[in-house]
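**Q** quick one, what's the 3D model for this:
(chains A, B, C, D, E and F)
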4 protein chains.
Amino acid sequence: MPVRPSTSKPIPTAVKDPQLVEVRRQQIVDAAVDLFIKKGFHRTTTREIARESGMSIGALYEYVESKEDVLYLVCENIHNTLEARLRDTLKEAQNGRETLRLAIRQYLYVMDDMQDDVLLIYQESKSLPPESLRYVLRKEEQITGIFEDILRRGLEDGSLQLDPRAVTLMAHNIIVLGQMWAFRRWVLRRHYDLEDYIRVQTSLLLNELMDSGTGGEARGETDDGN
Amino acid sequence: MPVRPSTSKPIPTAVKDPQLVEVRRQQIVDAAVDLFIKKGFHRTTTREIARESGMSIGALYEYVESKEDVLYLVCENIHNTLEARLRDTLKEAQNGRETLRLAIRQYLYVMDDMQDDVLLIYQESKSLPPESLRYVLRKEEQITGIFEDILRRGLEDGSLQLDPRAVTLMAHNIIVLGQMWAFRRWVLRRHYDLEDYIRVQTSLLLNELMDSGTGGEARGETDDGN
Amino acid sequence: MPVRPSTSKPIPTAVKDPQLVEVRRQQIVDAAVDLFIKKGFHRTTTREIARESGMSIGALYEYVESKEDVLYLVCENIHNTLEARLRDTLKEAQNGRETLRLAIRQYLYVMDDMQDDVLLIYQESKSLPPESLRYVLRKEEQITGIFEDILRRGLEDGSLQLDPRAVTLMAHNIIVLGQMWAFRRWVLRRHYDLEDYIRVQTSLLLNELMDSGTGGEARGETDDGN
Amino acid sequence: MPVRPSTSKPIPTAVKDPQLVEVRRQQIVDAAVDLFIKKGFHRTTTREIARESGMSIGALYEYVESKEDVLYLVCENIHNTLEARLRDTLKEAQNGRETLRLAIRQYLYVMDDMQDDVLLIYQESKSLPPESLRYVLRKEEQITGIFEDILRRGLEDGSLQLDPRAVTLMAHNIIVLGQMWAFRRWVLRRHYDLEDYIRVQTSLLLNELMDSGTGGEARGETDDGN
DNA sequence: CATGAATGAGCATTCATTCAT
DNA sequence: CATGAATGAATGCTCATTCAT
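**A** Sure, this is the predicted structure:
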């Protein structure tokens, strides 16, 4: 399943050699990610980005047209990394339920590893120009789609029970729960480590927290209550 | 359970009359909320805030010491409103499970109503100076505590089954799920309206959609119940 | 005949006191005229304008919105001065021909005095934004209109003979001939001083130098008359 | 009468082959003229000039030493074209008056055709370095000299009556009147087309607007008035 | 208390020119 | 000769904050 390149916005450059463009932009992105994480987009200056990228401002502006372009490249890069790492771990698929369990674990590990980056997209993407933002959101949706696919496979092979209308929402829930690990870390870390978090969230998601192995109590409760 | 005022950071002012301070600060906050929502914190100027507040910049700076103070006041105000509206609807408590169901519904209604404000805190609180941020996060935790309490009550009266270690996390999940309705609206709205969202999320949270047994009752519940 | 104020473009300002605005803008214009004359519009920096105006850049931008605004104010100021000085000397009107002769003389004296300013408008007005340029050109036409009026009066009282269709063009010729004294000074000065220039041009314009008959009286006129 | 090449400033080049230099510089000039007309000298970048010239910036700088050099080459080129076209039409000379009449017509046709170029020299030559400017002005004078020559011939053959001291000025007047057609086109075109303009200006210059065929009235008026 | 003019550090971006390949 | 990536000084403009009135 190839990463469709059509989903990224082309950023114009004055430099003709595409290889060089890629190399330099990677330098820029690497520098900018660090800076944006440390100081935020608005408080980071283009000069700083240039300096940390190991190039002059003039050179920087040969590879992007604006500071917003840098932000876009950063978001795109993070999303691509995220997606690649995610898809990478989904090849050893078994039945849907196990795939989901595995995917959640992998996803949360990736999110833990990329906490700062996730936070960055989260807090700064609003500073993107509208068109760039659209691209970023589309990508976000695409990534959510990965979990949608897994859920659907689980429905098909019968290993998961879920109202079909809840599939999309469940996928979003999973994604958000990963982001939450990043943007609520200030409090979650006081209560849970990553393994705790994975275990409990997976359980909640997979309906295994009910005390009895049967899950019957939940049903009974539901039947009475309404 | 009163709103503890000790949890808000005192912002110094040159003005003696506390009543006046409160009135003027409310003007400031009202203006700033609109502006921050429309343009973001960084793109809003103090001049604009002053103008929209109906006062001069000079006057503005009599009631706050910096633009960040305004942001703090805005966050505080939103949080207080949010908390008040939430607590307001929790008086008619029955057993824990029903309280939870009700609270989620109320919470999501409030979040729907305060979408922009929620987003504002979400995206701009990172621009707060560290100390102010601490206050805001503490408040966030306090609000999360409301759901923790409800969950605990449910555990106690036996109407909810949940691993005690999952209580805090579940509370955070609920809070985040409300925020998610705000910050993922660009995609969620394409699939669900508020009532859909409430129904499906409640079901998922209350373990009704996922069923290792027949799965039949989940659909029935959804169709009939709400 | 009042100077219609409707013909000047209003430049927005952040400062409320109109008197102060006028005073400060005059400072700005005075400084800018000198700088633009010395270095041209493009080579003059806003910082220089501010410094020479005796204010900070911040203050400068309280009174104009852009460097182009300064250029517009400069053009407007020069035009107004020019027009005022021109109209000022046209009160003692006799018959049309004498008025014309007098007006040309006055005009050329003013143009001699305002050489640099005239040149400035000439060379820099192209840098104005389109709308401002329109205002400047309108003003230029208005000033040309002064001579059109004089010419028409001469036609009416019979003291001038001229194809009515040539009136407008003749007025433009006069205006341009004054400007020419400014922008061709590098060569004209080598041949003529101001009085020479006035005498010869007046003669040429009034059809006295060219004579299909004797040609004698033109020289006589020139030597004695002025 | 050959175009004296001594009147053009030599622009250094790193390239040995003079033919190549000429070819490339013509490319540069052609591109630059278009760009300068469209955007003005200051707003045109060397990159644009290079691109439109079909060469790299590096190559551009092999043929000129600075952007100002390009401007000089442009001015020189326009002047040469102008002069060539002018001299071209002056071979069929008759008596001086008719030559003048013809020359004015030809000149105005050329000026109409080269409006933009004329305007370009007019508005941008001030950006030339002093020495280059001197060359351009010298050329301008040379072109003016064409009309001086014609006028003098008219004086000699008696077909023109003119105070000898007015000859130079008259020549300048004619030149300026042609330029005026370019730089006042925004208003002149509203009143006159090229043929109108030629007819009226020629008449004014050649003293034919006086109602009586004799021109006597002008003299009479003059005699009385002073 | 209120006003609003003044300050000036700071920022994104441009572009003529150079020079290694 | 040609290329085009790199340089970095320079520039127009913004805006939080101060303080005299």
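**Q** low-confidence ranges, chain A, go.
**A** In the prediction, chain A carries residues with pLDDT under 70 at positions A:1-6, A:92-93, A:208-226.
**Q** let's see 80
**A** Applying pLDDT under 80 to chain A flags the ranges A:1-6, A:89-95, A:207-226.
**Q** from it, which residue is nearest to DNA strand F?
**A** Nearest residue of chain A to DNA strand F (CB to the nearest atom of the strand) works out as A:G58 at 1.8 Å. Where C-beta positions appear, they are placed from N, C-alpha and C, glycine not excepted.
**Q** quick one: buried residues of whatever helix or strand that residue lives in?
**A** Secondary structure assignment for A:G58, by DSSP states H and E: helix A:57-63. By neighbour count with 16 or more other CB atoms under 10 Å in any protein chain shown, helix A:57-63 contains the buried residues A:60-63.
**Q** re earlier: and the gap between the residue of chain A closest to DNA strand F and B:Q106?
**A** 56 Å (CB to CB, to the nearest Å).
**Q** please apply the same query to A:D193.
**A** Distance of A:D193 to B:Q106, given as CB to CB: 33 Å.
**Q** comparing these two, which residue is more hemmed in?
**A** More crowded of A:D193 and B:Q106, by other CB atoms under 10 Å in any protein chain shown: B:Q106, with 17 against 11.
**Q** my read: that one touches B:T89, true?
**A** Yes: the pair B:Q106 / B:T89 is scored as a contact, 4.2 Å apart, by CB atoms under 8 Å.
**Q** and the residue in chain A positioned nearest to chain D, what element?
**A** Using CB to the nearest CB, the closest approach of chain A to chain D is made by A:A14 at 8.4 Å. For A:A14, there is no enclosing helix or strand under DSSP H and E.
**Q** repeat that for A:I11.
**A** For A:I11, there is no host helix or strand (DSSP H and E).
**Q** count the neighbours of the closest residue to it other than its chain neighbours for me.
**A** With CB to CB, 6 or more residues apart in numbering or on different chains as the criterion, A:I11 has its nearest non-adjacent residue at 5.1 Å, and that residue is A:D69. Neighbour count for A:D69, taken as other CB under 10 Å: 22.
**Q** how close does A:D69 sit to A:I78?
**A** Distance, A:D69 to A:I78, using CB to CB: 15 Å.
**Q** just the CA atoms of the helix holding A:G58, as CSV, please.
**A** C-alpha atoms of helix A:57-63 as CSV (Å, rounded to 0.1, in the frame of the first residue of the first chain):
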residue,chain,number,x,y,z
ILE,A,57,18.5,33.1,5.3
GLY,A,58,19.0,33.7,1.6
ALA,A,59,19.6,30.0,1.1
LEU,A,60,16.5,29.2,3.2
TYR,A,61,14.4,31.2,1.0
GLU,A,62,15.6,29.4,-2.1
TYR,A,63,13.9,26.3,-0.8
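**Q** name the helices or strands packed onto it?
**A** Contacts defined by 3 or more CB pairs under 8 Å, 6 or more residues apart in numbering or on different chains; DSSP states H and E place helix A:57-63 against helix A:18-39, helix A:46-53.
**Q** quick one: residues contacting the nearest residue to A:I37 once chain neighbours are set aside.
**A** Counting by CB to CB, 6+ apart, A:D116 is the residue found nearest to A:I37 once chain neighbours are left out, at 4.5 Å. Counting by CB atoms under 8 Å, 6 or more residues apart in numbering or on different chains, A:D116 touches A:33, A:37, A:182.
**Q** so does the helix or strand hosting A:E148 get close to chain B?
**A** Using DSSP H and E, A:E148 falls within helix A:130-156. Yes: residues of helix A:130-156 contacting chain B under CB under 8 Å from any CB of the partner chain: A:137, A:140-141, A:144.
**Q** for the next helix-or-strand element following that helix, packing partners?
**A** Using DSSP H and E, the helix or strand that follows helix A:130-156 in sequence is helix A:167-183. With contacts defined as 3+ CB pairs under 8 Å, 6+ apart, helix A:167-183 has these neighbours: helix A:96-113, helix A:115-124, helix A:130-156, helix A:194-205, helix B:167-183, helix B:185-191, helix B:194-205.
**Q** what about A:W186, neighbour count?
**A** When neighbours are counted by other CB under 10 Å, A:W186 registers 12.
**Q** likewise the one 10 residues further on?
**A** When neighbours are defined as other CB under 10 Å, A:D196 has 14 of them.
**Q** which residues touch it?
**A** Residues in contact with A:D196, defined by CB under 8 Å, 6+ apart, are B:R165.
**Q** domain-wise, how is chain A divided?
**A** Using automatic domain parsing, the domain parsing of chain A gives A:10-65, A:66-210.
**Q** single out the most deeply packed of those domains.
**A** Of all those, domain A:66-210 carries the top mean neighbour count, a mean of 18, counting by mean count of other CB atoms under 10 Å in any protein chain shown.
**Q** chain center to that domain: distance?
**A** Distance of domain A:66-210 from the chain centroid (CA atoms, centre = their mean, to the nearest Å) equals 5 Å.
**Q** hmm, that domain touching DNA strand E?
**A** Yes: with CB under 7 Å from any atom of the strand as the measure, domain A:66-210 is seen reaching DNA strand E through A:66-68.
**Q** now render these as CSV, adding distance to chain B and secondary structure.
**A** As requested, the residues of domain A:66-210 next to DNA strand E are exported to CSV (distance: CB to the nearest CB, whole Å; DSSP: H, G, I helix; E, B strand; the rest coil):
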residue, distance to chain B, secondary structure
A:S66, 15, coil
A:K67, 12, helix
A:E68, 12, helix
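**Q** how about the residues of chain A by DNA strand F?
**A** For chain A, the residues in contact with DNA strand F (CB under 7 Å from any atom of the strand) are A:14-17, A:20, A:24, A:55-59, A:61-62.
**Q** again, only this time at 10 Å
**A** A:13-18, A:20-21, A:23-24, A:27, A:46-47, A:50, A:53-63 (CB under 10 Å from any atom of the strand).
**Q** what about the nearest residue to A:R47 once chain neighbours are set aside, distance to A:K38?
**A** Of all residues not flanking A:R47 in the chain, A:I57 sits nearest, at 5.8 Å (CB to CB, 6+ apart). With the distance defined as CB to CB, A:I57 ends up 19 Å from A:K38.
**Q** ok, A:R134 next?
**A** Relative to A:K38, and taking CB to CB, A:R134 is found at 27 Å.
**Q** sorry, back to before: who's in contact with the residue of chain A closest to chain D?
**A** A:62-63.
**Q** circling back: which one of the helices and strands packed on helix A:167-183 lies nearest to C:P130?
**A** Distance to C:P130, taken as CB to CB, is lowest for helix A:130-156 among the helices and strands packed on helix A:167-183, at 27.7 Å.
**Q** name the helices or strands packed onto that closest one?
**A** Taking 3+ CB pairs under 8 Å, 6+ apart as contact, the helices and strands that helix A:130-156 lies on are helix A:67-88, helix A:96-113, helix A:167-183, helix B:185-191.
**Q** again, only this time at 6 Å
**A** Where contact means 3 or more CB pairs under 6 Å, 6 or more residues apart in numbering or on different chains; DSSP states H and E, helix A:130-156 is packed against helix A:67-88, helix A:96-113, helix A:167-183.
**Q** let me know the angle separating it from helix A:115-124.
**A** Counting by axes from the mean of the first three to the mean of the last three CA atoms, to 10 degrees, helix A:130-156 lies at 120 degrees to helix A:115-124.
**Q** quick one: helix A:130-156 to helix A:96-113, angle?
**A** 150 degrees.
**Q** could you tell me which residues of chain A lie near chain C?
**A** Counting by CB under 6 Å from any CB of the partner chain, no residue of chain A lies close to chain C.
**Q** now the residue lying closest to A:V70 once chain neighbours are set aside: how far from A:V187?
**A** Nearest residue to A:V70 in three dimensions, chain neighbours excluded: A:A32, at 5.0 Å (CB to CB, 6+ apart). Separation of A:A32 from A:V187 (CB to CB): 28 Å.
**Q** and if you look at A:R97?
**A** 30 Å.
**Q** name the helix or strand for A:R43, please.
**A** Using DSSP H and E, A:R43 sits within no helix or strand.
**Q** phi, psi of it?
**A** Reported as degrees, to the nearest 10, the phi and psi values for A:R43 are phi -90, psi 0.
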